[in-house]
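# Please find the sequence and the predicted model below.
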Amino acid sequence: MANPSLLILAGDGIGPEVMGQVTRIIDWYGANRDMAFDVEHDLVGGAAYDKHGTPLHDDTMAKALAADAVLLGAVGGPKYDDLDFSVKPERGLLRLRKEMDLFSNLRPAQCFDALADFSSLKKDIVAGLDIMIVRELTSGVYFGEPRGIFKEGNERVGINTQRYTESEIDRVARSAFELARRRGNKVCSMEKANVMESGILWREVVQKVHDTDYPDVELTHMYADNGAMQLVRAPKQFDVILTDNLFGDILSDCAAMLTGSLGMLPSASLGAPNVDGRPKALYEPVHGSAPDIAGQGKANPIACILSFAMALRYSFDQGDEATRLEQAVEKVLADGARTADLMGEEGGTPISTTEMGDAILAALDASL
Ligand code: IPM
Ligand code: MG
């Protein structure tokens with residue numbers, strides 16, 4: 001049987017550096033766990049724009065559609081701030097999400113014990129936190145029509161449209177309920193049904209999917225503004241949070257930051273299953289391209305490495321191997337390995353991107 005294929009799109013800024021450590025981990029699995037991958041590299045974002053004048057070349061799009069999983073680093077940087085909207089680095093990422101139909105975006109917010117002091121919240125509010133945000137990723141106001149800046153009388157008007165069909169809500173709700181069954185068995189769905197018709201429909205469809213097929217999962221509904229407040233008041237009340245594209249963008253940044261480890265969090269974007277049952281999938285760290293530290297060997301590769309762990313779990317059905325990698329990361333943190341972003345008040349000397357990779361590889365070796 002052919003090896004599973006991975007398309008690596010390292011992107012811009014710190015993307016290539018952190019992805020460099022992921023390729024070492026991939027090689028480790030090939031050498032030690034009899035899990036070889038066929039790896040191909042290509043460009044996305046500003047790097048693709050520099051070479052092709054577009055943030056995602058059609059050939060790259062085709063490769064992404066054909067790969068068993070895509071690993072993405074980060075896109076964007078100040079160099080591209082003045083580009084036309086249609087060729088901005090972010091458009092490359094949005095095209096991948098849309099054309100791969102990656103409707104379910106999993107964003108775990110997990111507080112690592114070794115880092116609980118880094119949160120801006122009190123330690124007891126976040127210690128042990130483990131929630132999962134399921135964000136709808138291919139519809140809503142990000143893609144709804146009409147959109148644009150139009151002339152209306154003697155002034156301009158900016159328009160975006162929040163739009164959800166029943167089937168779009170149905171499929172992402174199912175993915176949240178499925179996930180909840182494998183975790184704490186609770187889903188809290190967030191929208192603004194008090195002011196938005198799309199929110200009323202969202203609430204109805206989520207409830208119906210629940211009552212029909214997932215009555216065993218505990219379901220609650222919350223207005224998204226209250227949800228934001230509850231996330232900083234008492235985040236441990238949540239297990240899975242299900243929400244739309246825009247609210248999910250905002251709530252997931254909030255949830256990530258309360259773990260104190262924004263630079264540590266991975267994500268998975270999953271589409272409908274292929275014929276072989278494997279979902280189309282893209283894995284990427286939640287953090288951005290961090291142009292201020294790019295190219296200096298300072299970046300923390302952990303979010304990107306944990307994104308590969310999610311790939312092992314969700315694309316390749318290797319949950320035990322994903323846990324092995326996650327535990328290796330926890331071990332190096334517990335042992336005190338710290339890149340510059342993780343230097344707390346106690347100070348000390350940070351290790352480099354490569355040294356963090358070395359430490360995680362050593363922990364993997366020790367796990368055998
Ligand atoms: C995210 C980012 C993206 C988004 C940007 C880079 C287009 O903020 O993945 O959360 O808004 O979805
Ligand atoms: Mg965001």
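It's in. Ligands and ions are numbered 1, 2, ... in the order given.

# quick one: contacts for the residue in the stretch 1-150 of the chain that ligand 1 sits nearest to?
Ligand 1 sits closest to Glu90 of the stretch 1-150 of the chain, with a gap of 4.0 Å, by Cβ to the nearest ligand atom. Where you see a C-beta, it was placed from the backbone N, CA and C, and this is true even at glycine. Shown in contact with Glu90 (Cβ atoms under 8 Å, 6 or more residues apart in numbering): Gly45, Pro55, Val75, Gly76.

# what's the answer for Glu136, then?
Residues counted as contacts of Glu136 (Cβ under 8 Å, 6+ apart) are Phe103, Ser104, Asn105, Tyr164, Glu168, Ile169, Val172, Thr243, Asp244, Asn245, Gly248.

# Can I get those in TSV including pLDDT, distance to Ser261 and secondary structure?
Formatted as TSV, those follow (pLDDT from 0 to 100; distance: Cβ to Cβ, whole Å; DSSP: H, G, I helix; E, B strand; the rest coil):
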residue	pLDDT	distance to Ser261	secondary structure
Phe103	98	27	coil
Ser104	98	23	strand
Asn105	97	19	strand
Tyr164	98	32	coil
Glu168	98	31	helix
Ile169	98	31	helix
Val172	98	26	helix
Thr243	98	21	strand
Asp244	98	25	coil
Asn245	98	24	helix
Gly248	97	19	helix
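
# Closest one of the residues you listed to Ile14?
Asn105 (21.2 Å; Cβ to Cβ).

# Tell me the secondary structure at the most centrally placed residue in the chain.
The centroid of the chain falls nearest to Ser267 when counting by Cα atoms, centre = their mean (2.3 Å). Per DSSP: H, G, I helix; E, B strand; the rest coil, the secondary structure class of Ser267 is strand.

# Wait, a helix at the residue of the stretch 1-150 of the chain closest to ligand 1?
Yes: membership of Glu90 in a helix is supported by three-state DSSP.

# can you redo the contacts of Glu90 as a markdown table with neighbour count and distance to Lys123?
Output for the contacts of Glu90, formatted as a markdown table (neighbours: other Cβ atoms under 10 Å; distance: Cβ to Cβ, whole Å):
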| residue | neighbour count | distance to Lys123 |
| --- | --- | --- |
| Gly45 | 29 | 37 |
| Pro55 | 31 | 41 |
| Val75 | 31 | 34 |
| Gly76 | 23 | 33 |
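
# What is the neighbour count of Arg33?
When neighbours are defined as other Cβ atoms under 10 Å, Arg33 has 15 of them.

# ok, now how distant is the residue of the stretch 1-150 of the chain closest to ligand 1 from Gln110?
Glu90 sits 26 Å away from Gln110, going by Cβ to Cβ, to the nearest Å.

# Could you do Asp130 as well?
For Asp130 relative to Gln110 (Cβ to Cβ), the value is 5 Å.

# Tell me which of those two has more neighbours.
Shown here are Asp130 and Gln110; by other Cβ under 10 Å, Gln110 has more neighbours (20 against 15).

# Might you report the residue contacts of that one?
Neighbouring residues of Gln110 by Cβ under 8 Å, 6+ apart: Leu129, Asp130, Ile131, Thr259, Leu265.

# per-residue confidence for it?
Per-residue confidence (pLDDT) for Gln110: 91.

# Ala255 versus that one, what's the distance?
10 Å.

# and what of Asn226?
For Asn226 relative to Ala255 (Cβ to Cβ), the value is 15 Å.

# Run through the residues that contact the nearest residue to Ile26 once chain neighbours are set aside.
Nearest non-adjacent residue to Ile26, counting by Cβ to Cβ, 6 or more residues apart in numbering: Phe37, 5.7 Å away. Shown here is Phe37, whose contacts under the criterion Cβ under 8 Å, 6+ apart are Asn3, Pro4, Ser5, Leu6, Ile26, Tyr29, Gly30.

# Return the set of buried residues in stretch 192-208.
For stretch 192-208, the buried set under the neighbour-count rule, 16 or more other Cβ atoms under 10 Å, comprises Lys192, Ala193, Ser198, Gly199, Leu201, Trp202, Arg203, Val205, Val206.

# Give me the distance between that stretch and the centre of its chain.
25 Å (Cα atoms, centre = their mean, to the nearest Å).

# Can you tell me the closest non-neighbouring residue to Asn274?
Closest residue in space to Asn274, ignoring its immediate chain neighbours: Lys280 at 6.6 Å, by Cβ to Cβ, 6+ apart.

# List the residues that contact the one residue in the stretch 101-250 of the chain that gets nearest to ligand 1.
When scored by Cβ to the nearest ligand atom, the stretch 101-250 of the chain has Asp249 as its residue closest to ligand 1, at 4.7 Å. Each residue near Asp249 by Cβ under 8 Å, 6+ apart is listed here: Arg135.

# let's see it at 10 Å
Asn105, Arg107, Ile133, Arg135, Leu137, Gly140, Val141, Tyr142, Thr243 (Cβ atoms under 10 Å, 6 or more residues apart in numbering).

# List the buried residues in the helix or strand encompassing it.
In the assignment (DSSP states H and E), Asp249 maps to helix 245-258. Neighbour-count burial for helix 245-258 flags Asn245, Leu246, Phe247, Gly248, Asp249, Leu251, Ser252, Cys254, Ala255, Ala256, Met257, Leu258 (criterion: 16+ other Cβ under 10 Å).

# got it, and stretch 352-364?
Quick answer for stretch 352-364 (16+ other Cβ under 10 Å): Ser352, Thr353, Met356, Gly357, Asp358, Ala359, Ile360, Leu361, Ala363, Leu364.

# can you put those residues in JSON lines and add secondary structure, pLDDT and distance to ligand 1?
JSON lines is the format used below for these (DSSP: H, G, I helix; E, B strand; the rest coil; pLDDT from 0 to 100; distance: Cβ to the nearest ligand atom, whole Å):
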{"residue": "Ser352", "secondary structure": "coil", "pLDDT": "97", "distance to ligand 1": "26"}
{"residue": "Thr353", "secondary structure": "helix", "pLDDT": "97", "distance to ligand 1": "22"}
{"residue": "Met356", "secondary structure": "helix", "pLDDT": "98", "distance to ligand 1": "23"}
{"residue": "Gly357", "secondary structure": "helix", "pLDDT": "98", "distance to ligand 1": "24"}
{"residue": "Asp358", "secondary structure": "helix", "pLDDT": "98", "distance to ligand 1": "29"}
{"residue": "Ala359", "secondary structure": "helix", "pLDDT": "98", "distance to ligand 1": "28"}
{"residue": "Ile360", "secondary structure": "helix", "pLDDT": "98", "distance to ligand 1": "24"}
{"residue": "Leu361", "secondary structure": "helix", "pLDDT": "98", "distance to ligand 1": "28"}
{"residue": "Ala363", "secondary structure": "helix", "pLDDT": "98", "distance to ligand 1": "29"}
{"residue": "Leu364", "secondary structure": "helix", "pLDDT": "98", "distance to ligand 1": "28"}
